[in-house]
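>>> mind folding the following:
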Amino acid sequence: MTYQMLWRVVAPVVTSAATATATATVATVAALCAIPAAHAQAPAAWPTKPITMIVPFPPGGVADTVARPVAEAMSRSLGQTVVVENRAGAGGGLGMAQVAKAAPDGYTVMMTLSSISIIPEADVILGRAPMYQLNQFTPIARFTADPTVLVVRADAPWKDAKEFIAAQKKGDREVTYGSSGNYGSMHVPMEMLRSQADIRLLHVPYTGAGPAVVALLGGQVDAVSTGPASVLQYISAGKLRALAHWGEGRLASMPDVPSLTELGYPVQFAQWSGLFAPANTPPAVVEALRNAARTASTDSRVLAAVQGAGSPIQYLDAPAFKTYWDGDAKTLVQVVRKIGKVE
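Numbers count the residues shown, from 1 in each chain. Next up, the predicted model:
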């Protein structure tokens, strides 16, 4: 076979192999070039820095009592520190407004109370622009839902709620009660009782449950209505006395304390604690927060801290919490409208 004849046989094979090799090389290069682009489009891992949990009340109240062990448990789940910051003022409104306006990136969340539903309506009644709207928040989880408890000092002249109410009806002197601020979750239940029992009470607002309880202990006010977590330690120590509560049945932490409904005053109020993020927080971040909150709700250290303070965990995940919150907010708005303008 001559050289020319041999080339006619081999050339197509060589050309085909070269073409295949070139095609493979181009495909490989293209794939390698595509790798950075794919990585650029992938979402960054979350969280990559510490998270701030705003508590819109001073230390010592129910929200703070729940927030601190929950923040620690969520830190362990998320792999980043969750830092609790108390931002008190305006019955919780200042801190809530701050979270409402925060960047919706999951790095600012809030542990707050049922008063979140009250403040916007109270602002309207007072003729001012609301500090925030409820649709500026995304509910993550509810942790507790306790009826508030009517508490006086252990040396007070009233041994039970019947004596307390009877004394106010006689009007021997004006009885004062402390709260976390106008229209807050310590003010509203007392106004419900005042209206239902037709008694006189003088409201003295403070910046949070902690300062109000301190004022009660110090004799600056005669009574408070607050969650068990704020006062159980003082009741156990013999410094305060619980007279009644705003729930339905008896409380596990205070089995000898009757409800106001039992005593013939059908008023009910729950001071719940819930975790929120700003509205429009990305769904993936909300899901991560929900998972961390769910884990925290069963954490042994959280249970010991919260239940030890007299507030059993009554956990609701986001969908159920949203339904509960909507219904509770409608009820509280009607109560605030009935209270009317408070100077």
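
>>> which residues in the stretch 201-343 of the chain form helices?
Applying DSSP state H, counting those that start in this stretch to the stretch 201-343 of the chain gives helices spanning 209-217, 228-236, 283-297, 300-308, 318-339.

>>> which parts of stretch 91-110 are buried?
Within stretch 91-110, the residues that count as buried by 16 or more other CB atoms under 10 Å are 91-100, 102, 104-110. C-betas here are computed from N, CA, C, even on glycine.

>>> next up, the contacts around the residue minimising distance to the centre of the chain.
Centroid check for the chain by CA atoms, centre = their mean gives residue 274 as the closest residue, at 2.6 Å. For residue 274, the residues meeting the contact criterion (CB atoms under 8 Å, 6 or more residues apart in numbering) are 111-113, 116, 139-143, 321, 325.

>>> now do it, the pLDDT please.
Among the per-residue scores, residue 274 shows a pLDDT of 98.

>>> tell me what it is bridged to.
With DSSP bridges applied, the residues forming beta bridges to residue 274 are residue 112, residue 142.

>>> state the distance from it to residue 219.
Residue 274 sits 33 Å away from residue 219 when distances are taken as CB to CB, to the nearest Å.

>>> do residue 96 as well
Here the criterion is CB to CB. By it, residue 96 lies 31 Å from residue 219.

>>> now the strands for the stretch 151-300 of the chain?
Listed from the start of the chain, the stretch 151-300 of the chain has strands (DSSP state E, counting those that start in this stretch) covering 176-179, 202-205, 223-226, 240-245, 270-278.

>>> now do the stretch 1-150 of the chain
According to DSSP E, counting those that start in this stretch, the strands that the stretch 1-150 of the chain contains are 51-55, 82-86, 108-113, 137-147, 149-153.

>>> still on that earlier bit, now the residue nearest to the centre of the chain: how far from residue 94?
Between residue 274 and residue 94 the computed distance is 18 Å (CB to CB).

>>> same thing with residue 187?
Using CB to CB, we find residue 187 at a distance of 16 Å from residue 94.

>>> re the thing from before, nearest to residue 128, of the strands of the stretch 151-300 of the chain?
strand 202-205 (16.7 Å; CB to CB).

>>> quick one: closest of the strands of the stretch 151-300 of the chain to residue 129.
When these are ranked by distance to residue 129, counting by CB to CB, first place goes to strand 270-278 at 19.0 Å.

>>> how far does that closest one sit from its chain's centre?
Relative to its chain's centre, strand 270-278 lies at 2 Å (CA atoms, centre = their mean, to the nearest Å).

>>> quick check: buried residues in it?
So strand 270-278, judged by 16+ other CB under 10 Å, has buried residues 270-278.

>>> let's have those residues in a markdown table, adding distance to residue 304.
Formatted as a markdown table, these follow (distance: CB to CB, whole Å):
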| residue | distance to residue 304 |
| --- | --- |
| 270 | 23 |
| 271 | 21 |
| 272 | 20 |
| 273 | 17 |
| 274 | 21 |
| 275 | 19 |
| 276 | 25 |
| 277 | 26 |
| 278 | 31 |
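
>>> out of those residues, which comes closest to residue 286?
Distance from residue 286 was checked for each of these by CB to CB. The minimum falls on residue 277, at 6.4 Å.

>>> just the pLDDT for that closest one.
Here, the pLDDT recorded for residue 277 equals 98.

>>> what do you get for the one 4 residues further on?
At residue 281, the pLDDT value in this model is 98.

>>> which residues touch the spatially closest residue to it that is not a sequence neighbour?
In space, not counting the residues next to it along the chain, residue 281 is nearest to residue 104; the distance is 4.4 Å by CB to CB, 6 or more residues apart in numbering. Contact criterion CB under 8 Å, 6+ apart gives 277-282 as the residues in contact with residue 104.

>>> can you do 7 Å?
Residues touching residue 104, when contacts are defined by CB atoms under 7 Å, 6 or more residues apart in numbering, comprise 278-281.

>>> any idea how far residue 179 is from the closest residue to residue 145 other than its chain neighbours?
Beyond its immediate neighbours in the sequence, the residue positioned closest to residue 145 (CB to CB, 6+ apart) is residue 272, lying 4.0 Å away. Applying CB to CB, the value for residue 272 to residue 179 is 17 Å.

>>> so what's residue 144 up against?
Taking CB under 7 Å, 6+ apart, we find residue 144 in contact with 66, 272-273, 306, 311, 313-314.

>>> can you put the residues you listed in TSV and add distance to residue 251?
Compiled in TSV, those are given as follows (distance: CB to CB, whole Å):
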residue	distance to residue 251
66	17
272	15
273	16
306	14
311	10
313	14
314	12
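
>>> just those residues now: which is nearest residue 172?
The shortest gap between residue 172 and any of the contacts of residue 144 belongs to residue 311, at 34.6 Å (CB to CB).

>>> show me what contacts that closest one?
Residue 311 makes contact with 62, 144, 146, 227-229, according to CB under 7 Å, 6+ apart.

>>> shaky segments in the protein?
Applying pLDDT under 70 to the chain flags the ranges 1-44, 343.

>>> so what are the domain limits for it?
Partitioning the chain according to automatic domain parsing yields domains covering residues 51-145+271-339, 149-245.
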